[in-house]
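Build me a model:
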Amino acid sequence: MKKTHRKSSFSALLFAGLIALVSGAALAQGAADKPMLLVAAPTLQGPYQQTTLLAVPTGGRHFGFVLNRGTGVKLSTMFPDHAPSAKVAGQIYFGGPVMNDALFAVVPRNPGEAALPLFGDLFVTNRAAAINRIIEETPNEARYFAGFVGWEAGELASEIARGLWLVTEPDAGLVFRSDTSGMWEELVKRLVPLNPPRRGRGLIETRLEAGPA
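Residues are numbered from 1 along each chain as shown. Predicted coordinates:
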C-alpha cells in the first residue's frame, strides 16, 4: 500500500491523474476485477490493523478509502474560514495516507465535476467546486475523507493471496454508517467461519450476511 504524502489545499483539490487512470483503465478491467470490501485479517499488524477498506480497481491498480477511522475533527474546525462547512454535522474520516491533507467527498449520486465512480450509485470527488455544491445542497449525505489508499499493479492481489485481507462485496450502508467503532469486529465475525473456504494461497471470499451476526 502506497504511503505517499502530497500537499494540497481546500481551494484546489485535484487528483486529475487518478481520474485519467480510472477512465483509461475502464475497458481493461476483467470480470473478476471489481470493487471490493477489504477487512483486515485478525493477524494483520501495523497501520492497517483492524481496518475496513473500500478498494476500487483501476485496471491492475487499486485505490480506495479506510472506512472506520474517524478523526473526530469536523469540517468547520479544519476550514474555519469556509462558512458552509459548519453545515456538515459529521466528522472527517481518515481515508488513507496518499494526499492525506486533501479532502474527498463520497456521495450517493454523480456530482459531476469529473467525479469517479466507485460502485453502484456511489461516486467520489475532490474538486473544490463539487464539494462546495455538495456542502451547500446536501451536506450530510456525503462521507468526507482525508486522503486515500493506493495500490500499485499486482500489489493488492499479492496482499490478498498472503491472507492479509478478508474480501467481500462492497456495501453502501457501510460506507455511510454513522457509528463505525465496531465495524471491523462485526465483519470479522461474519466473514471468518470455523472452517473458512480458501482458494489459491489464502484468498477468503464470501458475502455479507443480510442480518446481524
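
Any idea how far apart the tips of stretch 62-81 sit?
Distance between the two ends of stretch 62-81: 34 Å, counting by CA to CA, to the nearest Å.

which parts of it are buried?
Residues of stretch 62-81 classed as buried: H62, F63, G64, F65, V66, L67, N68, R69, K74, L75, M78, F79 (neighbour count, 16 or more other CB atoms under 10 Å). Glycine gets a C-beta too; all of them are placed from N, C-alpha and C.

do you know how far the third one is from T58?
When you say that, I think you mean G64. 10 Å (CB to CB, to the nearest Å).

Walking through the chain, point out its helices one by one.
16-25, 75-78, 128-137, 155-161, 172-175, 183-191 (DSSP state H).

Contacts for the second one, please.
What that stands for is helix 75-78. With CB atoms under 8 Å, 6 or more residues apart in numbering as the test, helix 75-78 has contacts from H82, S85, A86, V88, I92, L103, I135, Y144.

If we use 7 Å, what do you get?
S85, A86, V88, I92, Y144 (CB atoms under 7 Å, 6 or more residues apart in numbering).

Most neighbours among these, which one?
Y144 (24 neighbours; other CB atoms under 10 Å).

my read: that residue touches A102, true?
No: Y144 lies out of contact with A102 (CB atoms under 7 Å); the separation is 11.0 Å.

who's the residue most central in space within the chain bridged to?
Against the mean C-alpha coordinate of the chain, by CA atoms, centre = their mean, the closest residue is F65 at 2.2 Å. Counting by DSSP bridges, F65 is bridged to L54.

start the count at 367, not 1, going forward
Yes, from this point I'll number from 367; that puts the last item at F431.

residues contacting it?
L419, L420, G461, G462, F511, F514, V515.

Any figure for the gap between the second one and R499?
Computed as CB to CB, the L420 to R499 distance reads 23 Å.

which one of the two has more residues nearby?
The neighbour comparison of L420 against R499 (other CB under 10 Å) goes to L420, with 28 against 17.

rewinding a little: mind putting the contacts of F431 in a markdown table, distance to G478 included?
A markdown table is the format used below for the contacts of F431 (distance: CB to CB, whole Å):
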| residue | distance to G478 |
| --- | --- |
| L419 | 26 |
| L420 | 21 |
| G461 | 21 |
| G462 | 24 |
| F511 | 19 |
| F514 | 20 |
| V515 | 25 |
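
biggest separation within these, which pair?
Largest separation among the contacts of F431 by CB to CB: L419 and F511, giving 11.2 Å.

between those two, who's got more neighbours?
F511 (28 against 25).

What sits closest to the more buried one if chain neighbours are left out?
With sequence-adjacent residues excluded and distances taken as CB to CB, 6 or more residues apart in numbering, F511 is closest to G461, at 3.1 Å.

pretty sure the one you found contacts Y510?
No: proximity of G461 to Y510 does not meet the contact threshold set by CB under 7 Å, at 8.8 Å.
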